[in-house]
Structure formats: C-alpha cells, structure tokens
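Engineer: Provide a 3D model corresponding to the input given below.
(one chain, ligands or ions: 1)
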Amino acid sequence: MTYGDGDGTSYGPLVSLDVAGHEMSHGVTENTAGLTYSGESGGLNEATSDIFGTMVEFFANNASDPGDYLIGEQFDLKKHLGFRRMDNPASDGSSLNCWSATAGSADVHYSSGIGNHFFYLLSEGSGAKTLNGVSYNSPTCNGSTVTGIGRDAAANIWYRALTVYMTSSTNYSGARTATLNAAKDLYGAGSTQYNAVASAWSAVSVS
Ligand SMILES: [Zn+2]
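Structural biologist: Here you go, the predicted structure:
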C-alpha cells in the first residue's frame, strides 16, 4: 500500500486509521467483487473503501480518534474535517451527492460520493444530526426524508452485496439491485432494512 506524504501545511502524512482501513478495504474489493477502477464501478470501489474505512474507525472506538463520517480528519492540519465527508459529499465542491448519466465520467474519488451519501443516509438518515461531537446535515436528491437503520445493518448489507452480488462491471443501478438482494437475504423482503435500502438509493437518484 502507498500512503501520501501530505504537504505538511494543509495535510500531514495520510496515515490515519480511516485511511488505513480504506486502503486495506481495496484488497477486500480486489479479492471479492473485483470492481474495475474506472467509471461507475470505480466510484463503487472507492465508496466501498470509504465505507469500510469509516466502519473501522467506529469499531476501534478510540477516544483520541472517535468514529465519524469524515475521511482523513486526523491529518487535516487546518480544518480537521478531512478531504471527504459522507453526509454531504458535494460540500467539498467536487464530489457527487446524486447520480446522473455523467457520473461515470467523474474521477472515482468524486463519483464515490454517490455511494458514500447512500451509506450515510442508510445508516443515519437524512437531515441534521450530531454524533461524537461532529455535526452532520444530509440532504436528499429527491426531497424525501430517509430514516436510518444503523451502521452495523448498513455495513452488513454492503459487505454481502460486495462479496456475493457485485461483479467487476457493477454500476450504481447494479449496486442498488445487489444491496436489495443482500438486504433480502439478511433481513427479508419487505423488512424495514430492505425498504430503507430502496429509499436511500432513491434519495441519491439511483433507480
Ligand atoms: Zn482508494
């Protein structure tokens, strides 16, 4: 694995726990779905790493680095917000909150925003929320209100979708189908979790 050095002014060395979890999750993806690292499948590959990197940080429950939906806040020397956030990815000025037909031509670190936004909405729900001292406010692309099902259920669904249903060419529409199948396996068709997966994808404009 290669970690960035940072520039020593805005960013220190990129060696935080969430980024380590991100990089190692690329190995999980490579050995399961094998999502091709370009186009929409590349965005899903990057989103998978942000999702599991974030879950590693929450799981570690380290008092000096509490779990959050920010990526890289530990080495953000000035703002302490990191370079991506999952509740409102587009707030960085480059990442995508909502799917559109051009999503596949964006850099994979920006098209990942659609998957990150989906995961935040599925876990925590839309609107304002404060967690471990960090304030979030997640919008929806269709004006809906999404109620979250919690991080563990959301991560279980994503992991099963990645390891059982996604393939190298899965795009966002395919990820919707894959996560619905995973939710059906784990919680049942028509369960709260299954319905939340559908609502969260619709809230990021993926049908
Ligand atoms: Zn990555």
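
Engineer: switch to C-alpha atoms for all contacts and neighbour counts from now on
Structural biologist: Noted.

Engineer: what segments of this protein are strands?
Structural biologist: 70-71, 84-85, 127-131, 134-138 (DSSP state E).

Engineer: which secondary structure elements does the first one contact?
Structural biologist: Yep, that's strand 70-71 we're talking about. Using 3 or more CA pairs under 8 Å, 6 or more residues apart in numbering; DSSP states H and E as the contact test, the elements touching strand 70-71 are helix 39-60, strand 84-85.

Engineer: buried residues in the longest one?
Structural biologist: Burial within helix 39-60, assessed by neighbour count using 16 or more other CA atoms under 10 Å, is assigned to 39-58.

Engineer: quick one: contacts for N45?
Structural biologist: 26, 29, 35-37, 112 (CA atoms under 8 Å, 6 or more residues apart in numbering).

Engineer: hmm, 10 Å instead?
Structural biologist: 25-26, 29-30, 33-39, 108-109, 111-112, 115, 162, 168, 170 (CA atoms under 10 Å, 6 or more residues apart in numbering).

Engineer: please apply the same query to L131.
Structural biologist: Per CA under 10 Å, 6+ apart, neighbours of L131: 66-69, 124.

Engineer: give me the distance between A153 and I71.
Structural biologist: Distance, A153 to I71, by CA to CA, to the nearest Å: 21 Å.
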